[in-house]
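> from the sequence below, what's the structure:
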Amino acid sequence: MKQSDNLNLKVIDSARVRGILFDVDGTLSDTDDVMVDRMIKLLAPISWMWPKRDARKFARWVVMASETPANFIYGVADRLGVDAHLAEFYNWWVRRRGDRKRKHNQFKIISGVQEMLETLAADYPMAVVSARDADSTHRFLEKFDLLTYFECVVTSQTCEHTKPFPDPVLYAAEQLNLEPQACLMVGDTIVDVRAGRSAGAQTIAVLCGFGSQKELSRAGADLILEQTPEVVQVLLAEHGG
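Okay, the predicted model is just below:
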């Protein structure tokens, strides 16, 4: 996970926040570390190329560098209306390889996320707004018993367009019976920030996933935090708690 000593310290207007929307990968799920571990295994045959046979730094660079083109490809598929077919193909491929159980076991939750959701659920209705397909999104939520915290789960297949379009944020707000302006979108990439901002929601970006502080700040995130669980501290502090 990335660390930063100079975070964006804009202020969230907590008085406006009536509901919270969470991305999954890099926000609730420790997806980047899982992908880095997989990349290291792939690089094992040529590990002699790195000092002390440690390819982790290179593997992380590859994973982080792949985020932007991956979002671009999925965005193109979304614009062409074939994103649902892409998700279906991926699920078929996973089942064919017999990896469903293995991938289920490889899901990781970011430390402190469950406790954060438990605390926030007492005061805020919440929703998931993910660019993942429905199948893998629900498998992650079910594995860690998180479904109970969310009144709505929006995936890449829910709306006509997925993030960075505002459609999934607008849909989630409607399901929570809230105006988009009353929602707080929490995510780790510029896709999350753009979707939230274009819908009129406030946005918190976190550095525990795929986005860098520089690009998240440039995208216009209202606040940038090191870790997702810090959302609790921000909202409690704003409320004087």
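> and the strands in this structure, which stretches?
19-22, 126-129, 152-154, 183-187, 202-206, 223-225 (DSSP state E).
> what would those look like in CSV with distance to Ile110 and mean neighbour count?
Yep, even glycine has a C-beta here, placed from its N, CA and C like the rest. Shown next, in CSV, are the strands of the chain (distance: least, Cβ to Cβ, whole Å; neighbours: other Cβ atoms under 10 Å):
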stretch, distance to Ile110, mean neighbour count
strand 19-22, 11, 27
strand 126-129, 14, 26
strand 152-154, 18, 21
strand 183-187, 12, 29
strand 202-206, 9, 28
strand 223-225, 12, 21
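> including mean pLDDT and distance to Ser111, could the ones you listed go into TSV?
Below are the strands of the chain laid out as TSV (pLDDT from 0 to 100; distance: least, Cβ to Cβ, whole Å):
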stretch	mean pLDDT	distance to Ser111
strand 19-22	98	16
strand 126-129	98	19
strand 152-154	97	22
strand 183-187	97	16
strand 202-206	97	13
strand 223-225	96	14
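> pretty sure Met185 contacts Leu21?
Yes: Met185 sits in contact with Leu21 when judged by Cβ atoms under 8 Å, with a separation of 4.8 Å.
> residues shared between the contacts of the two?
Listed contacts common to Met185 and Leu21 are 129, 169, 196, 201; contacts here mean Cβ atoms under 8 Å, 6 or more residues apart in numbering.
> what is the burial count for the residue nearest to Gln114 when sequence neighbours are not counted?
For Gln114, ignoring the flanking residues on the chain, the nearest one in space by Cβ to Cβ, 6 or more residues apart in numbering is Phe144 at 6.5 Å. Phe144: 15 surrounding residues under other Cβ atoms under 10 Å.
> so Phe144 touches Ile109, yeah?
Yes: counting by Cβ under 8 Å, Ile109 is a contact partner of Phe144 at 4.9 Å.
> how about the helices of this protein, start to end?
31-43, 56-80, 83-97, 100-106, 113-120, 134-143, 167-175, 190-199, 213-219, 230-238 (DSSP state H).
> can you list residues touching both of Phe144 and Ile109?
Common neighbours of Phe144 and Ile109 (Cβ under 8 Å, 6+ apart) do not exist.
> below-threshold pLDDT in this structure: ranges please.
By pLDDT under 70, the weakly predicted segments of the chain are 1-10, 31-106, 237-241.
> what domains does the record give for it?
Using automatic domain parsing, the domain parsing of the chain gives 14-31+108-238, 33-105.
> how about Lys143: what's its closest non-neighbour residue?
Phe107 (5.2 Å).
> what's the local residue count around that neighbour?
Residues near Phe107, counting by other Cβ under 10 Å: 18.
> that one contacts Glu142, correct?
No: checked against Cβ under 8 Å, the pair Phe107 and Glu142 is beyond contact range at 9.7 Å.
> gap between Val191 and Leu147?
Per Cβ to Cβ, to the nearest Å, Val191 is found 23 Å from Leu147.
> okay, those two: which has more neighbours?
Shown here are Val191 and Leu147; by other Cβ under 10 Å, Val191 has more neighbours (23 against 12).
> that one and Lys163 touch, don't they?
Yes: taking contacts as Cβ under 8 Å, Val191 lies within contact range of Lys163: 4.6 Å.
> give me the common contacts of those two.
Common neighbours of Val191 and Lys163, using Cβ under 8 Å, 6+ apart, are Ala131.
> any figure for the gap between Ala15 and Gln202?
Distance of Ala15 to Gln202, given as Cβ to Cβ: 11 Å.
> same deal with Cys159?
For Cys159 relative to Gln202 (Cβ to Cβ), the value is 20 Å.
> contacts only, for Pro180.
Listed by Cβ under 8 Å, 6+ apart, the contact partners of Pro180 are 166, 169-170, 173, 199-201.
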